[in-house]
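Q: sequence-free structure coming up:
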DNA sequence: AGCCCTACCTAAATCGTTTCAGGAATTGCG
DNA sequence: CGCAATTCCTGAAACGATTTAGGTAGGGCT
């Protein structure tokens, strides 16, 4: 089957190539009429012919001439992480609605790979990028600025004037998690976190501290810093839990899913039970949270909203309208298996 | 910063545009020399100038002229499913190595959306597609054939001469799962499965039946068919487990991750314990399997291999070399938290 | 009538690359 | 020495769309 071009359509419909181009690119006006200076009858005829011949625009040609690719790149630190894959799914959906193509890539927490990926996607003439930076990716991100490619940061912050940002208020997330436990009557609330943290984590720590201080519990503030590497991390969490009863710890905040898994593992190994020995507030989503009886309270991020806002913001930046480049979203606490319709913090 | 074109490079280097094009497209030969009829010194100079000027190929132009997009589409039924997102990650990596761009999309188990997506990606001039079909997508897939776009099917089979296939041998998967339980000394082994199954599921059922028959346990074959809808499904699994002791059931095979989750939920609700009341063999991967003591045996699919083989096969199909269009891979059983290096079935 | 305006349409240039068809200089070979 | 082959290089024609600049016809106005 030979490719049918705009020229074939024009000839068959007895009009000029230009006219066909007009018709094919016309958006529907709000009145259901095409918004281009073309006789509606002619337009209809062109459309009919195009359909009959099976015409499909050659995007390469269109892109070459117009200089627009209608393509964006999304680079996350780990696409096989449920958090990111869910975001990617929503980004794809949102972009699809806008007629934008998305190229996905995963930096695998490696700044060098991120750097390469940025080079690659720039080669694809992407009009913008949505990036979840990994530790140490400042240099790589600088390229986005150098090449003058609109870029929106998600999940983690990085310094840089030119970036758009769609970030979850992680201070608030840590705050509502802690507040909930305090509200449950607990005072000796501790946290387990990584030694070298990205902003999302350190913010959650600050939220925890803030809530503790506000409640006059500052003396109980205790953040156990563990290694990132899995084996060491598991062991350190186990140690932490082992001495918990000695310290009189009533609850732990486990600010990432992975840390939570280490936590559950430690419970298992030590033969501890969740509501009996102490309580958890975890983050993100896991089958394990739902399986527990009662369901483990956990803080979730508005993934769909992150996706939608970041696409919209990026689109605005590409079009040159950039009123507000910093969007902050609130995390929500899930208790008893159901989501509060309002941020929980507001209900205390 | 103005875009620098091949012409700028040519002028600066004092050579023709053609020559620059040659140099930029030359692959390294095995001897470390360029495989094009260009003087190595000239080539070096061109490369140097291109780098200094910051030249980047305009893919739209290249694609327009050459008629090749070096782009493939991957459409899975649910990208937020860990199984698929992991495959996608590996596909992206493999394709990236080959200089191929990947467009991902998710049909969300909806044949109509799949149909739209296929239209869309065809508009992007993709050279091939990797598709995990959903139920009822025969019509949508026919378009791939109509448009003559090389397509490889993963995860689930569909009829069609022209498709390439990279499928896991699910009969074998069901077989080794059952065989393992038999080897553990169990006889009354049952399975929970969906009523209306895709091939991957029905194949696992057949594998189960085959193993039972081979062991002379055909009288105990019992497949409990549940609804796909979550609430009904949960309830039906619960019912099934409740009467299990009456039936003397010793073990269950839960052939998808979701069914396994229903299973664990039922255990919780009914107050049953895993090694005590009966045993499980589950499928795919979940934090829950690993958390149990001992680790729940589960059958995993070679995700990376699926990804690599499907990209390679598709690439071959695009290039016109299609010796073997049907690739079958073996699933593996994970016991005690560690993977047998050989398919377990071989060790019995 | 003469002029402008609007509505509808078109010819031709252009985007940046690949590729075709060959040209010039050098080398190899009988 | 002369012809062919090889090596290195080049000009110009595509590819298929968008976009610029403008053209024609008809209607309304003065």
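A: Looks like it came in fine. Just so it is clear, the model here is predicted, and its values are computed rather than measured. Numbering: from 1, shown residues only, chains lettered A, B, ... in the order given.
Q: which stretches of the stretch 1-150 of chain A have low pLDDT?
A: For the stretch 1-150 of chain A, applying pLDDT under 70 flags the ranges A:1, A:28-36.
Q: Near DNA strand D, which residues of it are found?
A: A:3, A:5-7, A:17-18, A:21-22, A:24-25, A:55-58, A:61-62, A:64-66, A:68 (CB under 7 Å from any atom of the strand). From N, CA and C alone the C-beta is placed, and that goes for glycine too.
Q: ok, which of these also contact chain B?
A: A:56, A:57, A:58, A:61, A:64 (CB under 8 Å from any CB of the partner chain).
Q: In helices, which of those fall?
A: Within these, residues falling in helices by DSSP state H are A:61, A:64.
Q: out of the ones next to chain B among the residues of the stretch 1-150 of chain A next to DNA strand D, who's nearest residue B:173?
A: Each of those was scored against residue B:173 by CB to CB, and residue A:56 proved nearest at 40.1 Å.
Q: tell me the domain boundaries of chain A?
A: Listed domain ranges for chain A are A:6-57, A:68-168+A:303-328, A:170-300 (source: automatic domain parsing).
Q: any chance of those in CSV, plus mean neighbour count and distance to residue B:182?
A: Shown next, in CSV, are the domains of chain A (neighbours: other CB atoms under 10 Å in any protein chain shown; distance: least, CB to CB, whole Å):
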stretch, mean neighbour count, distance to residue B:182
domain A:6-57, 15, 55
domain A:68-168+A:303-328, 20, 34
domain A:170-300, 19, 28
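Q: CSV for those, including distance to DNA strand C?
A: Formatted as CSV, the domains of chain A follow (distance: least, CB to the nearest atom of the strand, whole Å):
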stretch, distance to DNA strand C
domain A:6-57, 3
domain A:68-168+A:303-328, 10
domain A:170-300, 37
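Q: Distance to residue A:335 added to those, as JSON lines?
A: As requested, the domains of chain A are exported to JSON lines (distance: least, CB to CB, whole Å):
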{"stretch": "domain A:6-57", "distance to residue A:335": "44"}
{"stretch": "domain A:68-168+A:303-328", "distance to residue A:335": "19"}
{"stretch": "domain A:170-300", "distance to residue A:335": "5"}
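Q: so where do the strands sit in the stretch 201-348 of chain A?
A: Taking DSSP state E, counting those that start in this stretch, the strands of the stretch 201-348 of chain A run over residues A:223-226, A:251-254, A:279-283, A:298-300, A:326-329, A:332-335, A:338-339.
Q: And the stretch 1-150 of chain A, by the same measure?
A: Assigned by DSSP E, counting those that start in this stretch, the strands in the stretch 1-150 of chain A fall at A:71-76, A:101-106, A:128-131.
Q: out of those strands, nearest to chain B?
A: strand A:101-106 (5.4 Å; CB to the nearest CB).
Q: okay, the angle between that closest one and strand B:71-76?
A: 80 degrees (axes from the mean of the first three to the mean of the last three CA atoms, to 10 degrees).
Q: for strand A:101-106, the distance to its chain's centre please.
A: In terms of CA atoms, centre = their mean, to the nearest Å, the centre of strand A:101-106 is found 13 Å from the chain centre.
Q: now for that strand, which elements pack on it?
A: Secondary-structure packing of strand A:101-106 (3 or more CB pairs under 8 Å, 6 or more residues apart in numbering or on different chains; DSSP states H and E): strand A:71-76, helix A:82-97, helix A:111-123, helix B:82-97, strand B:101-106.
Q: who's in contact with the last one?
A: This means strand B:101-106. Residues outside strand B:101-106 that contact it (CB atoms under 8 Å, 6 or more residues apart in numbering or on different chains): A:88-89, A:92-93, A:96, A:101-104, A:124, B:69-80, B:84, B:88, B:91-92, B:95-96, B:117, B:120-121, B:124, B:126.
Q: How about the first one?
A: Residues outside strand A:71-76 that contact it (CB under 8 Å, 6+ apart): A:84, A:87-88, A:91, A:95, A:100-107, A:114, A:117-118, A:121, A:124-132, A:155, A:311, A:314.
Q: Try it again at 6 Å.
A: For strand A:71-76, contacts defined as CB atoms under 6 Å, 6 or more residues apart in numbering or on different chains pick out A:84, A:91, A:100-107, A:117, A:121, A:126, A:128-132.
Q: now it against helix A:82-97, angle please.
A: Strand A:71-76 runs at 170 degrees relative to helix A:82-97, counting by the same axes, to 10 degrees.
Q: Also the last one?
A: Between the axes of strand B:101-106 and helix A:82-97, defined by the same axes, to 10 degrees, the angle is 100 degrees.
Q: Specify the angle between strand B:101-106 and helix A:111-123 in degrees.
A: 90 degrees.
Q: same thing with the first one?
A: The directions of strand A:71-76 and helix A:111-123 differ by 170 degrees, with the same axes, to 10 degrees as the criterion.
Q: and strand A:71-76, which strands flank it?
A: Strand pairing for strand A:71-76, determined by DSSP bridges: strand A:101-106 (parallel), strand A:128-131 (parallel).
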